[in-house]
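S.K.: Sequence and computational prediction follow.
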Amino acid sequence: MFDFSWNMLTYFPPGISTYSESLDDLFRLVYWISAAIFVLVQIVLVTFIFKYRTRPGHKSIYYHGNNVVEFVWTLAPTVLFAGLGLYSDEMWKVMKYSSRVPSPDVEIDVVGQAFNWHVRYPGGDGILGKRHARYRTAQNLFGIDPTDIHGKDDIVLTGEFNLPINKNVVVHLSSVDVLHSYFLPNFRIKQDAVPGSWIDVWFNGTKSGKYELACAELCGSGHYAMRGVLNMQSDADFATWMDAKITAKKAILAAQVANPQPEVATPAPSSATPAGEHGSSH
Amino acid sequence: MAAVATTQHDHAHVATHDAAHAHDHAHHSVSFIRKYIFSTDHKTIAKQFLSTSMFFLLVGGAFALFIRWQLAYPGEPIPLVGKWLPDTLVSNGAVQPGFYTQLVTMHATIMIFFVIIPMATGAFANFCIPLMIGTDDMAMPTVNMVSFWLVPIAGLTIMSGFFVEGGTAAAGWTNYPPLSASGTGHTLWVIGVFLVGFSSILGGMNYLATTLNKRAKGMRMFDMPLTVWALFITSILQVLGTPVLASAVSLLFVDQVFHAGIFIPENLLTSTGGLFPNGANVGAGGGGQPVLFQHLFWFYSHPAVYIMILPIMGVVSDILATFARKAIFGYKAMVFALMAIAFLGFVVWGHHMFLSGMSPLLGTTFMLSTIVIAVPSSIKIFNWLGTIWKGNIHFATPNLNALGFISTFVCGGLSGIFMAIGPIDVYIHDTYFIVAHIHYVLFGGALFGIFAGVYYWYPKMFGKMYNETLGKFHFFLTFITFNLCFFPMHMIGVGGHMRRIHDPYVYEFLKPFQPINQFITIFAILMGFSQLILIFNLLWSLKFGRTAPRNPWRANSLEWAAPAHPGHGNFDRDITVYRGPYEFASPQSKRDYLPQWIRPAHVDAEQEATVVGKH
Ligand code: HEM
Ligand SMILES: [Cu+2]
Ligand SMILES: [Cu+2]
C-alpha cells in the first residue's frame, strides 16, 4: 500500500487548499535547484578525490587561489539565492500578510488546551461574542464576555469540527495554557497558538472529506495525541450541520431560562475595557 | 640545558632534544591533583573537555536510541535496559509519553551544550590556539580551569533533574515558556544552562585574549591557520551571544521561582484547570509575552549553531590542505567568509520563529537575511573543492572525515535553504525535515569535523598514533549508517511527520511511515554502536599505539614544531614565524611542505631535523 522512494517529493499528503498546489510547486522548484547543486558538488568532490588521489610520481601544485574565481562563485550563489528569496516572498505574502487575507466567509475561534483543540462558532446570530482573557476559566475557555449578548449563542466544540469547502475561512487562533501549533497538513498550513495573543490563519479548502488536525509544538506529555478532525463539507451539508447545532444550542438556552442555574463564577470586569483587546468581530 | 627534561610527563623521548626549556624545573613539585584534575595547562584542560564530552556523547546517544526505539516499535519494551528503568519512566519497559518528552529534551540539551559546544570550542580552542600560535599557554590559565569545571557541574545539575519530583526538563532543548515556567526539572535546566553558558563566556574571553596577545614572534593575524581564525571569530560570538542566553534563562528563572510573569500572559490555565501563578494575575496587569523568550533564546541560539560549526570549518580547512599537500584556495576569502557568517548570524534569528506570530514583514526580512547567509557557506564549499583540486590527496582517517564533512554539510546547507524560505517553512517547521537538517549540519557537519580533528591531533595530544585501520573502519561505518539514518527523515518530514511526538501512529496520515521509522532506527542503532570503535581506538592507542613522531602529517603550522607530546610550556625551541601556514608544494623547498617556523636560509637542513619518523 505504500511505495518507498528516495524522492521526497512523493511524500506530500494530498493537498486540498487553494494555495497548497502553489506551495508544493515552490517546494519542487527549490528541491530541483538544490538537487542539481547537491549532485554537482558531489560529482566534483568525487571526481577530485579520484583524480587527485596520491600515487607514486603524482605531485600537488603550488597555488593559493584566484580572485576572479572567488568573485564569480560569490556572485553566482548571491544572485541565485537572493532571487529565490525575492521570488518566494510573494507566496509568503499570500499566506501571511493581513492585507492579503481575503474577506472571510466563515470566521471561527480556535484555542489549544493541553491536549485538545476547541473551536467556537458564532452561532445563530452569526456574530462571535466579545472575549477577553480576564473572563477565562476552565468552563469558559474562550473568555467569552458574559455581558455580551452575541456570546450567549456561540457554539463550542472540542476535537472534531466542520467547515464548508470553497469558502475563505479565517481562524482566530490562541491558547489557554502553553504554546501549541495548529497544523493542517493537507492544507499546508501551520501556525503557533500563542497564549495571550490572537493570531489569524486563513485557508480555503477545495475538497470535502475528513482531514487531520495536528499539534506541532511540544506542549507536554500528551502532545503527541493532541489530534483533531476537520470535516470539510459542501456548502449545503455544512449549513444543515450548522443548523442542527444552532437548534440544539437554542434548546439548551431555553432550558436555562426556564430553569435558571447559578451562574458559573466569572470575575466581573475590573477596569475599563482596553481598546482593541475586546472581541474579535469586526 | 635540558638537564631535567626526563622528569616531564612527556616521557623520555623529549630528553633527546637539545633545545632550552624554561619550564622544566617547575615540575618536580606539581601534585597529581594540580596536574591532572585542577590543572591550568591548556592541553590537560583540552583533554578534560574532550573526555567529558565523549562521556556525554554516549549518554546523549543512548537517549537517542531510546527515542528511536519508541518511534519504530511504540509500546514495546526497550531491549536490554527497559526492565531496569523505574515505573515513573516506563510502563512494562516501554517509554511513557512523559519520559519521551524528557528524552528528546535531554538528548538535544546534552548534544548541543555538553557535546558539540565543549568539543568545538573547549577542546579544540584549548588544544590548538596556544600550540598553533606558538605560545606556552592561555592568557588566563586559571580562568581556563574554571571554564572547564563549570561544564561537569552544569551537566550534573541538569541530569539531577531525573531524580526530582516531576522529573527532568521536558519542554524541548529550546525550553519555551509557558511550558517550561514550572517544575523543578526546568529550574535545574535553567541553572545548568546558565553555568555552561558562563563557561562558554569565560572560555571565549580567554581565547580572544590569547589570540590577540600571545602570538609568536613574526606571526601576523593573516599568518594564522584557519583553525585559529575560526576559533577567534567563534569566541567573539560566544562573548557577545551567550550573555543574551544568560538573560533569557535568568528571566525564566524569575518567572519559575518568583512568578514574575515576564513570559506568562494574563489568566493562564494550568493542566488542572487552575490559574497559573504569575505576577500578571495580580491586579489589572497586561501580562507577559511568551514570544519574548523565543527572541532572546534565538538571538543566542542561532549564533550558537555557528559556535558549533565555525571551529569545525577551520579544522576541516587545515586538514584538507595538509592531506591534499596544497595551499588553501583563497585563504583570505575563507577568513572573510567566516566573518560574514558570524556577522550575519546575528541578524537571522527570526527564521526559527516564522510561525510565532511575529509581523509577517519581519518574516520577509529574516527570510532574506537567512538566505544570504547561505552565500558565505557556499563560498567555503567552493574553496574547499578548490583546495583539493590538483592536490595530492592522502586518505588518512582525519582526511576521510574532513571529506565526509564536506559531502554531508552540502546537504545540510541546502536543506537550510528550504527552511529559510518562509512559506515552505510554514509547512515543514516542527517536522522531521528540521530534524534531518539539524543532524546533517550537527552530526554530518560538526561531529565528522570533530572526529577529523581528534584523529588529526591525537598524536600531538597523547604522543601516540591511533590505529589507522580501526579509524577508517569507524569512518566508513559511521558515514554509511549516518546517511541511511538521517536522509529518510527529510522524506517523512515532507510527509508531514511532526517532531517530538511519542507515538506518530495516533495519526492516520503518519501510519504508513512506520516502516521508514523502523529503517531509520535500525541504522541509528548501527551508527550508535559504531562509535564504540572510536572509543576503543582512542583508549587502546593510548597504551598500545605506535609512538608518534613530532610532525606525523608533514604539516606546516606551529603545533608540529613542538615535541611529540609537549609538556608544560609546549615548545623546546624559540619560535619565530617566517611565512603563512599553507606553504605546501612551495618551490622554495625540496619537500612538498614548508613549515612556518623554518628559517628561510636553512630550509632544507632544519626541515630535516623535524622530518617524520624522527623527533
Ligand atoms: C546554509 C546555512 C543554513 C541555513 C540557511 C539554515 C537555516 C535554518 C532555518 C531556517 C532553521 C529553522 C527551521 C525551523 O525551525 O522551521 C534552521 C534550524 C536549525 N539549524 Fe540551520 N541553517 C543553516 C545552517 C546551519 C548550521 C551550520 C547549523 C549548525 C551547525 C544549523 C543548525 C540548526 C539547528 C540546530 C536548527 C534547529 C533548531 C530547533 O528548532 O531545534 N543550521 N536552520
Ligand atoms: Cu502539542
Ligand atoms: Cu538558525
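M.R.: Nice, I can see it. Numbers count the residues shown, from 1 in each chain, chains lettered A, B, ... in the order given. Ligands and ions are numbered 1, 2, ... in the order given.
S.K.: wait, what's in contact with residue B:467?
M.R.: B:537, B:540, B:541, B:545 (Cβ atoms under 8 Å, 6 or more residues apart in numbering or on different chains). From N, CA and C alone the C-beta is placed, and that goes for glycine too.
S.K.: Going along the chain, name the helices of the stretch 51-200 of chain A.
M.R.: For the stretch 51-200 of chain A, the helices defined by DSSP state H, counting those that start in this stretch occupy A:67-96, A:149-152.
S.K.: Low-confidence regions, the chain specifically.
M.R.: Reading this off chain A. A:1-3, A:260-282 (pLDDT under 70).
S.K.: wait, I meant chain B there
M.R.: B:1-30, B:280, B:282-286, B:607-615.
S.K.: again, 50 this time
M.R.: B:1-27, B:613-615 (pLDDT under 50).
S.K.: Which single residue of it approaches chain A most closely?
M.R.: Residue nearest to chain A within chain B (Cβ to the nearest Cβ): residue B:265, separated by 2.6 Å.
S.K.: So what touches stretch B:170-177?
M.R.: Applying Cβ under 8 Å, 6+ apart, the external contacts of stretch B:170-177 come out as A:178-179, A:217-218, A:220-221, B:98, B:101-102, B:104-105, B:108-109, B:112, B:169, B:179-180, B:183, B:185-186, B:189-190, B:193, B:249, B:252, B:255, B:263-264, B:290, B:293-294, B:297, B:301, B:500.
S.K.: Could you list which of those residues belong to helices?
M.R.: Using DSSP state H, the members of the contacts of stretch B:170-177 that fall within helices are B:98, B:101-102, B:104-105, B:108-109, B:185-186, B:189-190, B:193, B:249, B:252, B:255, B:290, B:293-294, B:297, B:301.
S.K.: Restrict the residues you listed to those that also contact ligand 1, please.
M.R.: Contacts with ligand 1 within these, as defined by Cβ under 6 Å from any ligand atom: none are present.
S.K.: Can you narrow those residues down to the ones near chain A?
M.R.: Restricting these to those touching chain A (Cβ under 8 Å from any Cβ of the partner chain) yields B:98, B:101, B:104, B:290.
S.K.: Format those as a markdown table; extra columns: neighbour count and distance to residue A:79.
M.R.: What follows is those, written out as a markdown table (neighbours: other Cβ atoms under 10 Å in any protein chain shown; distance: Cβ to Cβ, whole Å):
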| residue | neighbour count | distance to residue A:79 |
| --- | --- | --- |
| B:98 | 17 | 50 |
| B:101 | 27 | 44 |
| B:104 | 23 | 39 |
| B:290 | 28 | 39 |
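S.K.: Quick check: closest non-adjacent residue to the residue of the stretch 51-200 of chain A found nearest ligand 2.
M.R.: Using Cβ to the ion, the single residue of the stretch 51-200 of chain A nearest to ligand 2 is residue A:180, 4.8 Å away. Nearest residue to residue A:180, sequence neighbours excluded (Cβ to Cβ, 6 or more residues apart in numbering or on different chains): residue A:112, at 3.2 Å.
S.K.: For residue A:13, which three-state class applies?
M.R.: Secondary structure, DSSP: H, G, I helix; E, B strand; the rest coil: residue A:13 is coil.
S.K.: Can you give me the neighbour number for the residue in the stretch 51-200 of chain A that ligand 1 sits nearest to?
M.R.: Nearest residue of the stretch 51-200 of chain A to ligand 1: residue A:81, at 8.8 Å (Cβ to the nearest ligand atom). Number of residues near residue A:81 (other Cβ atoms under 10 Å in any protein chain shown) recorded here: 22.
S.K.: now do the one 5 residues further on
M.R.: For residue A:86, the neighbour count with other Cβ under 10 Å is 13.
S.K.: which ones are touching it?
M.R.: residue B:368.
S.K.: rerun that using 10 Å as the cut-off
M.R.: Contacts of residue A:86 were listed using Cβ atoms under 10 Å, 6 or more residues apart in numbering or on different chains, and they are B:364, B:367, B:368, B:371.
S.K.: wait, doesn't residue A:35 sit right on residue A:27?
M.R.: No. Residue A:35 is beyond contact range of residue A:27, at 11.9 Å (criterion: Cβ atoms under 10 Å).
S.K.: Find residues that contact each of these two.
M.R.: A:8, A:9.
S.K.: What separation do you get for the residue of the stretch 51-200 of chain A closest to ligand 1 and residue A:32?
M.R.: Applying Cβ to Cβ, to the nearest Å, the value for residue A:81 to residue A:32 is 15 Å.
S.K.: Spatially nearest residue to residue B:521 (excluding sequence neighbours)?
M.R.: Per Cβ to Cβ, 6+ apart, closest to residue B:521 is residue B:72, 3.7 Å.
S.K.: That neighbour and residue B:519, how far apart?
M.R.: Taking Cβ to Cβ, one finds residue B:72 at 8 Å from residue B:519.
S.K.: Compare those two (neighbour count), which wins?
M.R.: More crowded of residue B:72 and residue B:519, by other Cβ under 10 Å: residue B:72, with 19 against 16.
S.K.: Could you check how far the more buried one is from ligand 2?
M.R.: 22 Å (Cβ to the ion, to the nearest Å).
S.K.: what's the residue of the stretch 51-200 of chain A closest to ligand 2 in contact with, if anything?
M.R.: Contact partners of residue A:180, counting by Cβ under 10 Å, 6+ apart, are A:110-117, A:173-174, A:191-195, A:214-220, A:223, A:226, B:179.
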